[in-house]
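Student: my questions concern the predicted model and sequence given below.
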Amino acid sequence: AAFDRGEHGAAEAAAAHRRRLAEALPGRTVVVAAGRAPVRSNDTTYDFRVDSDFFWLTGCAQENAVVVVSGGDATLYLPPPARPGETGFFADSLYGELWVGPSPSLEEWSAALGIPVLPVADFTGPPEGALLAGPGWPEASQELRRVLAELRMIKDAWEVGQLREAVDRTVEGFAAVLDEVPAAIAGGGERWLQGTFDRYARTYGNGPGYATIVGSGPHAPTLHWVRCDGPVLEGEVLLLDMGVEVRSHYTADVTRTFPVSGAFSPAQRQVHDLVERAHRAGLAEVAPGRPFTAFHHAAMEVIARGLHDWGLLPVSVDEALSDAGQHHRRYLTCGVGHHLGLDVHDCARSRPEAYHGARMAPGMALTVEPGLYFHAHDRTVPPELRGIGVRIEDDLLVTETGAENLSAALPIDATGLERWTKERG
């Protein structure tokens, strides 16, 4: 429960969010479901993770819940706990306290969240004409999801505080992982490091905000290497893409690429230095009033020019950067950043003109993450570059005058990363 785990301010923030929704959809009633844990196998489930829109509107992270919001007011419907003396105490494995332990009462929920809370059995269905969102509705409203996504683009002070905590915990998690590199080299491998971060995230937050990526050597160029079933190899690079989701469900998303042995080889440093130049060019473009795509294009131009200087582009830089070109994207297939918040790829249901086609504004939280990915089998690059993957990713807050790099505690430059590796490993 949000209120009994120290997430002070969640109820007040949710009330403000409901008022913003009422202004965006005047006179409309919305009904949002929290969702339920997906089945893992037979009668076991994965851990429950609340629907982000539901949490944004309520501050509540309870499974099988529903909220009705109208004019900024809300009524929350929750499954009540089954207490001693009730049949469900021993017969209900989901809510019987014999099975799951003490749980807040509906009255406690109501007092904590500042809204009426009723048994979910009292919810008889959405009012006529209501807009529906969240898991489980056969006729969910895309309009409502879009409106919520676009409202969530601008973070309030409480949300910014949650993101700061998520990033700070993530930086600590990076340190914990590097402490375990010798054990990973000795036999634990990538999965040992993945498990180290996931344990840290679960201890000091809600868990990892997404599947932790740990790629050593030839796995580093794979964008979403979440299998993490390989060794950690001395002399190779180690790409770590990790984020702590704090107990308010806001997540960080940070990436660094470290030299496993404490020093980059000349070829590894060559790649890292180019990615660093691209990253710094992207960071410099994050400011209010600038197009959201500005940091993407700035980073891509640096990448294209660098690859051209290395003789890896079959065309000119101008042709590569043209809409019909994009030859440099062979080695950087993804975009260079995205919104960040309750979801690691936040606000994804926004209209294109409100996302990539919009201008940055104070309160936006986003990532900048250029990289270069030279796969071990790619014969378009020299042998010394094959198998090198580098990504640098920071989490930024757009301010009134520019941007704040929330993850600046982690070094960006190769020398700083070498020092960090030697100090921690």
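Tutor: Arrived safely.
Student: and the residue lying closest to G129 once chain neighbours are set aside, bridged to which residues?
Tutor: Computed as Cβ to Cβ, 6 or more residues apart in numbering, the closest residue to G129 that is not its neighbour in sequence is T29, at 7.0 Å. (C-beta placed from N, C-alpha, C; glycine too.) Note on T29: beta-bridge partners S70, judged by DSSP bridges.
Student: quick one: buried residues of stretch 409-425?
Tutor: Neighbour-count burial for stretch 409-425, counted by 16 or more other Cβ atoms under 10 Å, picks out 410-412, 414, 417-418, 420-421, 424-425.
Student: outside of it, which residues touch it?
Tutor: Stretch 409-425 is contacted by residues 168, 171, 174-175, 178-179, 181-182, 254, 256-260, 262-264, 269, 272-273, 276, 279-280, 392, 394 when judged by Cβ atoms under 8 Å, 6 or more residues apart in numbering.
Student: check the offset of the helix ranked longest in the chain from the chain's centre.
Tutor: With DSSP state H setting the assignment, residue counts place helix 157-179 as the longest helix in the chain. What separates the centre of helix 157-179 from the centre of its chain is 12 Å, taken as Cα atoms, centre = their mean, to the nearest Å.
Student: and if you look at stretch 265-280?
Tutor: For stretch 265-280, the distance from its own C-alpha centre to the chain's C-alpha centre is 25 Å (Cα atoms, centre = their mean).
Student: average pLDDT for it, rounded please.
Tutor: Per-region confidence: stretch 265-280 scores 98 on mean pLDDT.
Student: what residues are up against the residue nearest in space to the middle of the chain?
Tutor: In the chain, the centroid-proximal residue (Cα atoms, centre = their mean) is V344; its distance is 2.0 Å. If you count contacts by Cβ under 8 Å, 6+ apart, V344 has them with 209-210, 243, 251, 253.
Student: cool, A294 as well?
Tutor: With contact taken as Cβ under 8 Å, 6+ apart, A294 is in contact with 285-286, 360.
Student: turn those into a markdown table, columns for secondary structure.
Tutor: Supplementary listing: those in a markdown table, determined by DSSP: H, G, I helix; E, B strand; the rest coil:
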| residue | secondary structure |
| --- | --- |
| E285 | coil |
| V286 | coil |
| M360 | coil |
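Student: any chance of the residues you listed in CSV, plus pLDDT and distance to W99?
Tutor: Putting these into CSV (pLDDT from 0 to 100; distance: Cβ to Cβ, whole Å) gives the following:
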residue, pLDDT, distance to W99
E285, 98, 53
V286, 98, 48
M360, 98, 48
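Student: scan those and report the most crowded one.
Tutor: Neighbour counts for the contacts of A294 peak at V286, which has 25 neighbours (criterion: other Cβ atoms under 10 Å).
Student: which residues touch that one?
Tutor: Taking Cβ under 8 Å, 6+ apart as the definition of contact, the neighbours of V286 are 294-295, 360, 366, 368, 396, 398, 402-403.
Student: tell me the backbone dihedrals of it, please.
Tutor: Here the main-chain torsion angles of V286 (degrees, to the nearest 10) amount to phi -90, psi 110.
Student: separation between the residue nearest to it when sequence neighbours are not counted and E128?
Tutor: If you skip the residues right next to it in sequence, V286 has A403 as its closest partner in space, 4.0 Å away by Cβ to Cβ, 6+ apart. A403 sits 45 Å away from E128, going by Cβ to Cβ, to the nearest Å.
Student: again, but for V381
Tutor: Distance, V381 to E128, by Cβ to Cβ: 61 Å.
Student: could you do E353 as well?
Tutor: Relative to E128, E353 is positioned 32 Å away (criterion: Cβ to Cβ).
Student: all helices for the stretch 151-300 of the chain, in order.
Tutor: With DSSP state H, counting those that start in this stretch as the definition, the stretch 151-300 of the chain shows helices at residue ranges 157-179, 181-183, 189-204, 266-283, 294-309.
Student: so which of those helices is nearest V237?
Tutor: In this view, those are compared for proximity to V237 by Cβ to Cβ, and helix 266-283 is the closest at 5.5 Å.
Student: what's next to stretch 133-145, contact-wise?
Tutor: The list of residues contacting stretch 133-145 from outside it, by Cβ under 8 Å, 6+ apart, reads 25, 30-36, 51, 53-54, 66, 131-132, 148, 349.
Student: could you rerun that using 6 Å?
Tutor: Residues outside stretch 133-145 that contact it (Cβ atoms under 6 Å, 6 or more residues apart in numbering): 30, 32-33, 35, 51, 53-54, 131-132, 349.
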